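> What shape does this take:
(4 chains)
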Protein chains: 2
Amino acid sequence: MAADGQQPADGERAPRRGPASQQDMRRQNLALVMRTVAAAHPLSRADVAGRTGLTRTAVSSLVDELIAGGLLVEGELERSGRVGRPGRALVLNDSGPAGLGLEVGVEHLGACVVDLRGDVRIELHRAAPNAARPADRTLAELAELAAQIEAQAVALGLRVVGRVLAVPGSVRVPVEGPGRYLEHAPNLGWHHLDLPAAWPGPGTAPAVENEANLGAMAELWQGVGSGTFVHISAGEGIGGALVLDGRLFGGVQGFAGELGHLTVRPDGRPCSCGARGCLEPYAGLAAVLRSSNLTVRHDTDAVGELVRCAEAGDPAVLRALLHAGTALGTALAATVHLIDPATLVLGGAYADLARWLLPAMRTELAALIRVRPWPDDALRASPLARRGPVLGAALTTVQRLHADPAALWQSGTG
Amino acid sequence: MAADGQQPADGERAPRRGPASQQDMRRQNLALVMRTVAAAHPLSRADVAGRTGLTRTAVSSLVDELIAGGLLVEGELERSGRVGRPGRALVLNDSGPAGLGLEVGVEHLGACVVDLRGDVRIELHRAAPNAARPADRTLAELAELAAQIEAQAVALGLRVVGRVLAVPGSVRVPVEGPGRYLEHAPNLGWHHLDLPAAWPGPGTAPAVENEANLGAMAELWQGVGSGTFVHISAGEGIGGALVLDGRLFGGVQGFAGELGHLTVRPDGRPCSCGARGCLEPYAGLAAVLRSSNLTVRHDTDAVGELVRCAEAGDPAVLRALLHAGTALGTALAATVHLIDPATLVLGGAYADLARWLLPAMRTELAALIRVRPWPDDALRASPLARRGPVLGAALTTVQRLHADPAALWQSGTG
DNA sequence: TCTATTCGTCAGGCCGGAAGACAAATTAAT
DNA sequence: ATTAATTTGTCTTCCGGCCTGACGAATAGA
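Below is the predicted model:
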């Protein structure tokens, strides 16, 4: 469910098509200063110059622009005990531009606001029967929630400059340049939704992005992901999001990471896709529930129920999770051999179930990966778990400001 | 065999660490002009300006520098029948800087010289018992071969400015910044070879790179690869090289693309790695030979023998290739689900055997890939086949000049 | 109080591309 | 044939961005 065709076939990524101008140079250096300050917070202009290789003069000019744009603020004098005139501390502005993350789940709505430092400042959740009502009702409530949280943000001195919505479905464009068009969200019963057109609120419509992808990016920015990793989450199907060298990789048609249909048991159980032996009928949420002999009402928290039963020691549930873990291990061994990631991160529902899934998965991984080292702890549960998608949605805006601060006051290529 | 630990764990690729200077801007624009001319050969300065977005003035200045550097040459006046003063044609210099590719195989040495246009100008092959003699003997002969072909290049007016050696083994650094240190080449019996130290010739020692990776890059630059694809080749083991968005992806530790140890038959044949059911004991060259009941002398062209027997209709060989093809199809279905490449390219020995492998592979791929479209012709045999590695080695230099022409006269970051 | 040291800023210079003007070379029209 | 129109390539001028060097400001140590 992670990535189903949300990217037009643009295989060749344009590395920089137009000519390089002095404006681009300026932009790059603004970003460089921004990144440097973000990396090691209280820093004087001279520190930044030392770390970046720019002259103090240039840094001063760049910093002036960033301060004028509201991205940096000048703190007090750093009295560090060293000889010489003390520098003025530069820090990321925690009362400036901020990112808004929204989330539509099957049974809830979520929203959060993150400031430039990446700190979550406000977070709201609300139960909502989104699968059982038309999309416009849900969007109306979401818009209302967004307006409410934005008002709270203003009260904190924050200015929301980007809105991203996490949905359990497929979108046209990946995180880098957020999409506006929702292809399919089977769990919600939403299809071909043009968000700017359908958005009811007074504010701007958010960009849409797949929740699994956003969860993966959140992991990269704040969790245990480190440059190159694979994020596995369970939704309608099983989705892997590939983060390679710090960038989300969607493949040529956006189908990359389709873990759910890796063959783990040749000629095994039939899968909904028409093939046999796919991972999904062994480790998908639906399959686990069926094997557990649990009949969960559709509008109920199935994962929570599984966790409760597992904690209570229900043998059918434990067996189901063991089998699922083994099958997941088989598929992930293939993933490790192909991608060679630094870590595998279990997200979403799998993170909640990690306590029972991990042992079987690690056993299987150790059995199948022999030709290269594979430490047990390279497979981890996400600490963000189900908060990942909203967080990732809100952080998308913040990260974009870090990567290209000039985008705020200079319309142009993000 | 493609990628066995040839890359230090540098997961995070530095996107540009230092500050952007005016020199960088100049470099980028030089590269832009170079790429533009390379893409559509006879082009006037005004054409280049139109395509790049640079002014005619800027293009003139950049072109002057490229001509002075010997990368471009000015042709005759283009009399194109259109009104207005005709422009002077700019073309890539085919008598200027060139790339030298070298290859050490188990039974042969190879060399070729490619000019700036990517045309192969000279190509030499020589049988040589490299597995049966010490490395220094082979290197001595290789250096002699290199000197010989460089002399021929000079006679053609070419100046070799980069040398890359393709080896069937693992190297420290990937193509981008060629390595100098050979880790292991089991087929040759070479281990821990520091090439600059061991090089006997009077000339400079070549950079070393894995032959499967070079074959993949050759496919990208001149073959059927298109931005994002997987290149599969057979050597000691089975190696997949991943080319994603036009860049070779090695994974965190350089192990990416280890197709040979994907599990295709759980609890199947034991593999040399210690696990069971890997692809290698089903589709590796050694396994195919064994199943074919062919006893090939070690110093003989095993692949050629297989092709001859298959053409003659030997039932055991045909059966062996059918089984290998099916197993390859299973592994490649997983690859497609995970990577979502535009194409799969069979290279090296598999390209020679493609006629017999392809049908079973396509059947298996069609059976397992149901959740997304997968056209039969997305799986192809490489047209370069066994010439790929040498070609890729020579083209590495040429591509580097296209991507950063200033590197020729301005020492700095490649 | 004075010196050494470090910070931030100011003035001047250099480099690279943009804008506009001009000569040169061709086609089309008179 | 001559003139107008058009396109090319170069020249001059300008501007924006960073660098170099120098200076006042602010601190620690003598």
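
> Can you spell out the domain ranges of chain A, please?
A:23-92, A:97-215+A:389-408, A:225-383 (automatic domain parsing).

> contacting residues for the most centrally placed residue in chain A?
The structure's chain A has its C-alpha centroid closest to A:L214; by Cα atoms, centre = their mean the separation is 2.3 Å. A:L214 is in contact with A:G101, A:V164, A:A166, A:V175, A:G388, A:P389, A:V390, A:L391, A:G392, A:A393, A:T396, counting by Cβ atoms under 8 Å, 6 or more residues apart in numbering or on different chains. C-beta here means a position set from N, CA and C on the backbone, and glycine is covered the same way.

> ok, the residue of the stretch 151-300 of chain A found nearest chain B to B:R319 distance?
Using Cβ to the nearest Cβ, the closest approach of the stretch 151-300 of chain A to chain B is made by A:G251 at 2.5 Å. Going from A:G251 to B:R319 by Cβ to Cβ, to the nearest Å gives 35 Å.

> A:L124 sits in which helix or strand?
A:L124 is part of strand A:120-127, with elements assigned from DSSP states H and E.

> Report the contact partners of the closest residue in space to A:G225 that isn't next to it in sequence.
Once flanking residues are discounted, A:G225 sits nearest to A:E219: 3.9 Å by Cβ to Cβ, 6 or more residues apart in numbering or on different chains. Contact analysis of A:E219 by Cβ under 8 Å, 6+ apart lists A:G225, A:F229, A:H231, A:V243, A:V345, A:G347, A:S382, A:L384, A:G388, A:G392.

> switch to 10 Å and redo it
A:225-226, A:229, A:231, A:241, A:243, A:343, A:345, A:347, A:380, A:382-384, A:388, A:391-392 (Cβ atoms under 10 Å, 6 or more residues apart in numbering or on different chains).

> cool, and A:V224?
Applying Cβ under 10 Å, 6+ apart, the residues near A:V224 are A:H231, A:A342, A:T343, A:V345, A:D377, A:R380, A:A381, A:S382, A:P383, A:L384.

> do that again at 8 Å, thanks
A:T343, A:V345, A:R380, A:S382, A:P383.

> For A:D24, what is the enclosing helix or strand?
Per DSSP H and E: helix A:22-39 holds A:D24.

> Show me what the next helix or strand after that helix is in contact with.
Proceeding N to C from helix A:22-39, the next assigned helix or strand is helix A:45-52, under DSSP H and E. Where contact means Cβ under 8 Å, 6+ apart, the residues beyond helix A:45-52 that reach it are A:29, A:32-33, A:36-37, A:40, A:43, A:54-56, A:58-60, A:63, A:87-88, A:90, B:18-19.

> just these that are near DNA strand D?
The residues of these that also fall near DNA strand D, by Cβ under 7 Å from any atom of the strand, are A:N29, A:L54, A:T55, A:R56, A:A58, B:P19.

> Which residue comes closest to the closest residue to chain B within the stretch 301-414 of chain A once chain neighbours are left out?
Scanning the stretch 301-414 of chain A for the residue nearest chain B gives A:D340, at 2.5 Å (criterion: Cβ to the nearest Cβ). Nearest residue to A:D340 in three dimensions, chain neighbours excluded: B:G251, at 2.5 Å (Cβ to Cβ, 6+ apart).

> likewise A:S233?
Spatially, and ignoring its direct neighbours in sequence, A:S233 is nearest to A:G348 (3.5 Å; Cβ to Cβ, 6+ apart).

> What score does that neighbour have for pLDDT?
Looking at A:G348, its pLDDT stands at 89.

> what's the answer for A:W409, then?
89.

> Make sure it is actually in contact with A:G70.
No: applying Cβ atoms under 8 Å, one finds A:W409 not in contact with A:G70, separated by 9.1 Å.

> Tell me where the stretch 51-200 of chain A has helices.
A:56-68, A:135-155, A:195-198 (DSSP state H, counting those that start in this stretch).

> Next, the angle helix A:22-39 makes with the first one.
Between helix A:56-68 and helix A:22-39, the angle formed by their directions is 80 degrees, by axes from the mean of the first three to the mean of the last three Cα atoms, to 10 degrees.

> which helices and strands does helix A:56-68 pack with?
When contacts are defined as 3 or more Cβ pairs under 8 Å, 6 or more residues apart in numbering or on different chains; DSSP states H and E, helix A:56-68 sits against helix A:22-39, helix A:45-52, strand A:72-77.

> Can you list the strands that the last one pairs with?
Spelled out, that is strand A:72-77. Using DSSP bridges, the strands paired with strand A:72-77 are strand A:88-92 (antiparallel).

> picking up where we left off before, kindly reformat the domains of chain A as a markdown table containing distance to B:A327.
As requested, the domains of chain A are exported to a markdown table (distance: least, Cβ to Cβ, whole Å):
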| stretch | distance to B:A327 |
| --- | --- |
| domain A:23-92 | 47 |
| domain A:97-215+A:389-408 | 31 |
| domain A:225-383 | 10 |
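
> looking at those, which is closest to B:L332?
domain A:225-383 (10.5 Å; Cβ to Cβ).

> what does chain A have sitting close to DNA strand D?
A:22-23, A:25-26, A:29, A:53-58, A:61-62, A:77, A:79, A:81-86.

> sorry, back to before: can you say which of the domains of chain A is nearest to B:L357?
domain A:225-383 (18.9 Å).

> got the end-to-end distance for that closest one?
Across domain A:225-383, the terminal residues are separated by 10 Å (Cα to Cα, to the nearest Å).

> what's the distance between it and the middle of its chain?
In terms of Cα atoms, centre = their mean, to the nearest Å, the centre of domain A:225-383 is set 18 Å apart from its chain centre.
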